[in-house]
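K.L.:
Dropping a prediction and its sequence here:
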Amino acid sequence: MVDLRTRQTVLVVDDTPENVELLHNALQGEYVVKVANNGEKALRIAYADTPPDLILLDVMMPGMSGHEVCRRLKANPDRRAIPVIFVTAMDGMEDERLGLELGAVDYIVKPFSPAIVRARVRTHLALYDQTRELERMVAQRTRELVSSRGQVIRRLGRAAEFKDNETGNHVLRMSHYSRLIGAAAGLGETALDILLATAPMHDVGKLGIPDHILRKPGKLSPEEWEIMRRHSAIGAEIIGDHEDTLLATARVIALTHHERWDGGGYPAGLAGDAIPLVGRIVAVADVLDALLSTRPYKPAFSLEESMAYIDAQAGQHFDPNLVAALNAVLPQIVKVKETFADERGALTDLLTSPAD
C-alpha cells in the first residue's frame, strides 16, 4: 500500500458528479485525490500552501470555464508549472488546440477510459517530477557558483589588502558599511547582496602598484601619487569586462570608488549622478573605515571626528544623500566596527552582517 504521506495529489475539477466519481475511483488507489466542482474552488485549492501536483480540468462549467482557470494558473508564477490535463467532451481540433495554447499538457476526450486516464496522469507526473528535480539541481548549482564567485572576489580583495598598509578586516567592515548605506538609500535585497559581495574588490588594482609606493609611510611625491592613482584603472582591467552582474559590479566599484561628487576625483573626473551609485556608496564606506582605523601614518579617529569630516565633505567628496543615509545607520555601523575589529583577528570569511 502506498504511504499517504508520499502520494502525489491530483485535483479533479468537474461540475458533473458522475465524472468526478469516475475519475476519483480511477485514481484513488495511487494518488491523493482532491475535488472541486467549479473554477473558483479549483483556484482556491491550487493556491493553497500545498498545491496539487496535477490538475484534471473540465472545460464547460457554470461560472468560470476550465479555459479561464487554466489561463489564471499559467499567469501565476508560483503555480504555472502545475501540469493541467483537460478532460472534456469538446473533441474538435480547434478546442484541443486552444487548450494546449493555454498551457495544458494533454487533452482527454469524454467518455474516457480509466486506464487511459491513469496512464496519462502517471506520464505527466513523472515528467513534472523530472522537471522539478532538474530545476532543483540547477538552483543548487547556481547557488554554488554564486558562492564560488563570491569567494574568489573576497580572496582577491584580501590579496590586495596584504599588499597595502591597510590591515585586518578593512575589506569586511567597509563591505558591510556599504550594504548598510545602500539599504538606507533604498536599494533592494538583491542589489544589497551584490554590493556586499563585490565591495571587497574596490582596491584590487593595488596589486599592480609597486610596493615601495604602496607601503611608503610618508607623504607620496607628485610622481608617486600619479602612479598610485592608476590603481582604479588597473583594478578594472584585472576584473575585465563581463556580462555577469557580480563581476560587472565589481569592475564598476574598482573603477569609480575614487571619483568625487564635485568632479575632482579620478580616474575619469566624473561628477554627481554620473558616478555609478555603487561607486558613490563604496567611496563613503571606504573613507569612513580608513578614518576609524589605525594606519602606520595616522592614529584611528573617533566616530565623532570621522563623521564630522564626512559631513563636511557632503556635496564635495561625497553624495550628500548617501551621507544622510550613513547618518541614519550609525548604530549599525558601530556594531559592525565592534564585531569585525582588527583585534579579533582575520574575520574575512564571515559573510553574515551583524546588523541583520
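P.N.:
Okay, I see it. Source: prediction; values computed, not measured.

K.L.:
switch to C-alpha atoms for all contacts and neighbour counts from now on
P.N.:
Fine.

K.L.:
Show the average pLDDT along the helix or strand that contains residue 115.
P.N.:
For residue 115, the host element (DSSP states H and E) is helix 114-163. Mean pLDDT, computed over helix 114-163, is 78.

K.L.:
After it, which helix or strand is next?
P.N.:
helix 170-184.

K.L.:
which residues touch the following helix or strand past that next one?
P.N.:
Downstream of helix 170-184, the next assigned helix or strand under DSSP H and E is helix 189-198. With contact meaning Cα atoms under 8 Å, 6 or more residues apart in numbering, helix 189-198 is reached by 150, 153-154, 175-176, 178-179, 182-183, 246-247, 249-250, 253, 278.

K.L.:
Show residues contacting stretch 52-64.
P.N.:
Taking Cα under 8 Å, 6+ apart as the rule, stretch 52-64 contacts 8-15, 38-40, 45-46, 65-67, 82-88, 90, 121, 125.

K.L.:
Just the buried residues out of the residues you listed, in PyMOL syntax.
P.N.:
Here is the PyMOL command that picks out the buried ones among the contacts of stretch 52-64, judged by 16 or more other Cα atoms under 10 Å:
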select buried, resi 9+10+11+12+13+14+15+38+39+45+46+65+66+67+82+83+84+85+86+87+88+90+121+125
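
K.L.:
Filter the contacts of stretch 52-64 down to just the ones in helices.
P.N.:
Within the contacts of stretch 52-64, residues falling in helices by DSSP state H are 39, 40, 45, 46, 66, 67, 121, 125.

K.L.:
what about the spatially closest residue to residue 242 that is not a sequence neighbour, which SS state?
P.N.:
Closest residue to residue 242 apart from its sequence neighbours, by Cα to Cα, 6 or more residues apart in numbering: residue 248 at 5.4 Å. For residue 248, the assignment made with DSSP: H, G, I helix; E, B strand; the rest coil gives helix.

K.L.:
Just to check, residue 248 is in contact with residue 236?
P.N.:
No: applying Cα atoms under 8 Å as the test, residue 248 and residue 236 come out as separate, 9.4 Å apart.

K.L.:
what are the phi and psi values for the closest residue to residue 299 other than its chain neighbours?
P.N.:
What sits nearest to residue 299 in space, not counting adjacent residues and going by Cα to Cα, 6+ apart, is residue 293, at 7.2 Å. Backbone geometry at residue 293, expressed as degrees, to the nearest 10, gives phi -110, psi 150.

K.L.:
how close does residue 293 get to residue 327?
P.N.:
Look at residue 293 and residue 327: by Cα to Cα, to the nearest Å, they are 19 Å apart.

K.L.:
Could you find the closest non-adjacent residue to residue 111?
P.N.:
That would be residue 89: by Cα to Cα, 6+ apart, it lies 7.1 Å from residue 111.

K.L.:
now the residue nearest to the spatial centre of the chain: how far from residue 125?
P.N.:
Compute the mean C-alpha point of the chain, and by Cα atoms, centre = their mean the closest residue is residue 190, 4.0 Å away. Applying Cα to Cα, the value for residue 190 to residue 125 is 33 Å.

K.L.:
Likewise for residue 71?
P.N.:
From residue 71 to residue 125 the distance is 20 Å (Cα to Cα).

K.L.:
What of residue 329?
P.N.:
Going from residue 329 to residue 125 by Cα to Cα gives 50 Å.

K.L.:
burial measure for residue 102, as a count.
P.N.:
By other Cα atoms under 10 Å, the residues close to residue 102 number 18.
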